[in-house]
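S.K.: With the sequence up front, the predicted model follows.
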There are 2 protein chains.
Amino acid sequence: MAAEGRWGLGIDIGGTKIYVGVIDRSGKILATARKKTRPELGFEESAQRIISTAHEAIQTAGLTADDIAAIGIGAPGPLDLEKGEVIFTPNLSWKNAPIRDRIVQAFNKPTQLDNDVNAGVLGEFIFGGCHGVRHMIGLFIGTGIGGGVIIDGKLLHGFNQNAGELGHMIIHPKGPLCGCGNHGCLEAFASKLAIERMVKDALRRGEKSQLSRRLKEGKRIGSADLAQAYFNGDGPVCAAIKSSARYLGIGLTSYLHIFNPEVVVLGGGIVEALGSEYVQMVSKVVNKNTMPIALRNVQIIPAVLKDDSVILGASVLAWQALEQQK
Amino acid sequence: MAAEGRWGLGIDIGGTKIYVGVIDRSGKILATARKKTRPELGFEESAQRIISTAHEAIQTAGLTADDIAAIGIGAPGPLDLEKGEVIFTPNLSWKNAPIRDRIVQAFNKPTQLDNDVNAGVLGEFIFGGCHGVRHMIGLFIGTGIGGGVIIDGKLLHGFNQNAGELGHMIIHPKGPLCGCGNHGCLEAFASKLAIERMVKDALRRGEKSQLSRRLKEGKRIGSADLAQAYFNGDGPVCAAIKSSARYLGIGLTSYLHIFNPEVVVLGGGIVEALGSEYVQMVSKVVNKNTMPIALRNVQIIPAVLKDDSVILGASVLAWQALEQQK
């Protein structure tokens, strides 16, 4: 009998890039590979690119496909977890894309699919700063706001497997329009796009910012640009980031009342760029507004895995798939 | 060996009354008893009243304490579930009250304590309209708004066992002051107290209502009074109840995004008094605002157990306590 593979494969499918890691049970990354997703070429072509990126990572690790025990995939949702399909996603313009089947056809290993944000939260939960924790929520503040929830050690999926849309809690029904079509979602108040919108509004009111020219030229502003302007004391940027932190603190207050987690992990581009300064601003609002019982011994901490959170979480999905197979 | 008791005891401890039921595994209530809580006499006196109410229910059922297999208790929180204590509650002015110990001392049976709202939600989940459901949330719209969450068949408790405070999601940071000290909680927009406040505000603006006199005399307005005025087309009351339903719909939209439950149960005085009219108003807002994936095959239904929801849910806690003992 052939020995069972000892390594897990974690696959992170993003709108622009595919990122694959060969990872052991302890979360040690042996090798990685990257390719552009090129979703405009259609699902089947992207699926081939994902498979070849996976082979590349395996080769870079000095292994063969036989050394892989199981595979986990993080992909943007909404997903159909039972069928292993991406139902639809604006970033990739796929519809009912059977990504799990394609990976199983290529590698014939136990394979589990989950939402990319869930995978990232699971990565932080298992390999980040959550040792011994059973109840945790994660929020990633980037272009949008993604979230995931761990209850008693397990990801919350809900009835249609699409729970944990933590960016789409309405925190002000007359607030700004959100990408989802509602007004006043947390995402519309605290994401990078929300911060950019607030800075642009300030410029329209005649305020000055070191980002004025780039914004007027329609250039994209990165989280690092915002952080630099913030630490330079740029008026509109400071105001927008403080507003983002305040609303995130209000949203988190509600989440502590709703979930009563032990640990809240904050990640994503904005948190990475601004660091503990941002986490402290958020914590201050939470500490002021949350009921004492929901705050007792609760920690709000920054994510630590950065770009590797999804592949690491996907490797945990891989081990879960292996367990289920047994 | 003596045969094990076949009946469960469900105890509902409220601010004004104690309500106890002798209940079988199928949720059939054999007998009940009621007494005033009299919390002003202190915890030990109330505990004795609870114990004597329990004995009364057992006698009314034609049984003795030996026939009782286990006991469940629903009490207002926050609670320490491990110690079996009421930590503190404004309604009862108890502090660190060891209610589970007192019941164990009196009956020597497996005994489990939980939040009264959780017990009510559990009652609706097991004995209400949730057959075959695994993911459910319950909201009780009364003087305040209480909530409970069932995930994969189990009550959500969280790290400090105080999750599920669904009335304290902030849905408008500049909204009315809530009893919890924050501004703009769901409870401050949609509870009976919020409806009363809106009616009073309308009167202050010179509008007329059939409840004007009672409100001016400082009399308490019941849910039935509000329902009657609503169905009579009373202007301020109709506006206030529509506003309550609208904000509840906004809050529920967020909860569908957060939990993606299969069933939402709406109960409490306001829902009982207004019936399907209110549930439909809420559903309309939810259907308009919720992402399709979080809405697919989701039902919003009225609670059915009325005043018995807590004792029935507490009987489920009793059977859980029995299982754990084994």
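M.R.: Yep, that arrived.
S.K.: neighbours around the residue in the stretch 51-200 of chain A that chain B sits nearest to, how many?
M.R.: When scored by C-beta to the nearest C-beta, the stretch 51-200 of chain A has residue A:158 as its residue closest to chain B, at 2.8 Å. (Each C-beta comes from the backbone N, C-alpha and C, glycine too.) Residues near residue A:158, counting by other C-beta atoms under 10 Å in any protein chain shown, number 24.
S.K.: Name the secondary structure element that contains it.
M.R.: Following DSSP states H and E, there is no helix or strand that holds residue A:158.
S.K.: just checking, what's the longest helix in chain A?
M.R.: Using DSSP state H, we find that the single longest helix of chain A is helix A:235-259.
S.K.: Would you mind identifying the next helix or strand past it?
M.R.: strand A:263-267.
S.K.: From the contact counts, what lies against that next one?
M.R.: Strand A:263-267 is packed against helix A:116-127, strand A:136-141, helix A:235-259, helix A:276-289, strand A:299-302, with contacts defined by 3 or more C-beta pairs under 8 Å, 6 or more residues apart in numbering or on different chains; DSSP states H and E.
S.K.: so where does residue A:35 fall, helix or strand?
M.R.: Per DSSP H and E: strand A:29-36 holds residue A:35.
S.K.: Now do that strand: everything it contacts.
M.R.: A:7, A:16-24, A:49, A:52-54, A:56-58, A:60-63, A:308, A:311-312 (C-beta atoms under 8 Å, 6 or more residues apart in numbering or on different chains).
S.K.: Pull out the buried positions in it.
M.R.: A:29-33, A:35 (16 or more other C-beta atoms under 10 Å in any protein chain shown).
S.K.: Stretch A:172-192 too?
M.R.: If you call a residue buried by 16+ other C-beta under 10 Å, then stretch A:172-192 has these buried ones: A:172-173, A:175-176, A:178, A:180, A:182-192.
S.K.: next one: stretch A:241-253
M.R.: Buried-residue list, stretch A:241-253, by 16+ other C-beta under 10 Å: A:241, A:244-253.
S.K.: What is the nearest of these to chain B?
M.R.: Nearest to chain B among the buried residues of stretch A:241-253, with distances taken as C-beta to the nearest C-beta, is residue A:250, at 5.3 Å.
S.K.: wait, the closest one sits on residue B:170?
M.R.: Yes: under the criterion of C-beta atoms under 8 Å, residue A:250 makes contact with residue B:170 at 5.4 Å.
S.K.: what touches both of the two?
M.R.: By C-beta under 8 Å, 6+ apart, the residues touching both residue A:250 and residue B:170 are A:171, A:289.
S.K.: okay, which residue is most central for chain A?
M.R.: Computing the C-alpha centroid of chain A and ranking residues by C-alpha atoms, centre = their mean puts residue A:117 first, at 3.5 Å.
S.K.: ok, the residue lying closest to that residue once chain neighbours are set aside - contacts?
M.R.: With sequence-adjacent residues excluded and distances taken as C-beta to C-beta, 6 or more residues apart in numbering or on different chains, residue A:117 is closest to residue A:146, at 3.5 Å. Residues near residue A:146 by C-beta under 8 Å, 6+ apart: A:116-117, A:120, A:139-140, A:166-167, A:268.
S.K.: which of the residues you listed tops the neighbour count?
M.R.: residue A:120 leads the contacts of residue A:146 on contacts (other C-beta under 10 Å) with 32 neighbours.
S.K.: Make JSON lines from the buried residues of strand A:29-36 and add distance to residue B:109 to it.
M.R.: Putting the buried residues of strand A:29-36 into JSON lines (distance: C-beta to C-beta, whole Å) gives the following:
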{"residue": "A:29", "distance to residue B:109": "53"}
{"residue": "A:30", "distance to residue B:109": "56"}
{"residue": "A:31", "distance to residue B:109": "59"}
{"residue": "A:32", "distance to residue B:109": "58"}
{"residue": "A:33", "distance to residue B:109": "61"}
{"residue": "A:35", "distance to residue B:109": "63"}
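S.K.: Near chain B, which residues of the stretch 201-326 of chain A are found?
M.R.: A:247, A:250-251, A:253-254, A:257-262, A:289, A:291, A:293-294, A:296-298 (C-beta under 8 Å from any C-beta of the partner chain).
S.K.: Can you turn the buried subset of those into a selection I can paste into ChimeraX?
M.R.: Per 16+ other C-beta under 10 Å, the buried members of those correspond to this ChimeraX selection:
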select /A:247,250,251,253,254,257,258,259,260,261,262,289,291,293,294,298
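S.K.: Give me the phi and psi angles of residue A:73.
M.R.: With angles defined as degrees, to the nearest 10, residue A:73 sits at phi -130, psi 130.
S.K.: Dig out what it forms beta bridges with.
M.R.: residue A:11, residue A:113 (DSSP bridges).
S.K.: Surely it is in contact with residue A:317?
M.R.: Yes: counting by C-beta under 8 Å, residue A:317 is a contact partner of residue A:73 at 7.2 Å.
S.K.: Could you check which of those two is surrounded by more residues?
M.R.: residue A:73 (31 against 27).
S.K.: what's near enough to touch that one?
M.R.: A:11, A:13, A:99-100, A:103, A:111-114, A:119, A:314, A:317.
S.K.: go with 10 Å
M.R.: A:9-13, A:20, A:50, A:54, A:79, A:84, A:86, A:99-100, A:102-103, A:111-114, A:116, A:119, A:310-311, A:314, A:317-318, A:321 (C-beta atoms under 10 Å, 6 or more residues apart in numbering or on different chains).
S.K.: Need the three-state assignment for the closest residue to residue A:127 other than its chain neighbours.
M.R.: Leaving aside its sequence neighbours, residue A:127 sits nearest to residue A:27 (C-beta to C-beta, 6+ apart; 4.0 Å). Of the three states, residue A:27 takes coil under DSSP: H, G, I helix; E, B strand; the rest coil.
S.K.: Next, count neighbours for residue A:27.
M.R.: Neighbour number of residue A:27 under other C-beta under 10 Å is 19.
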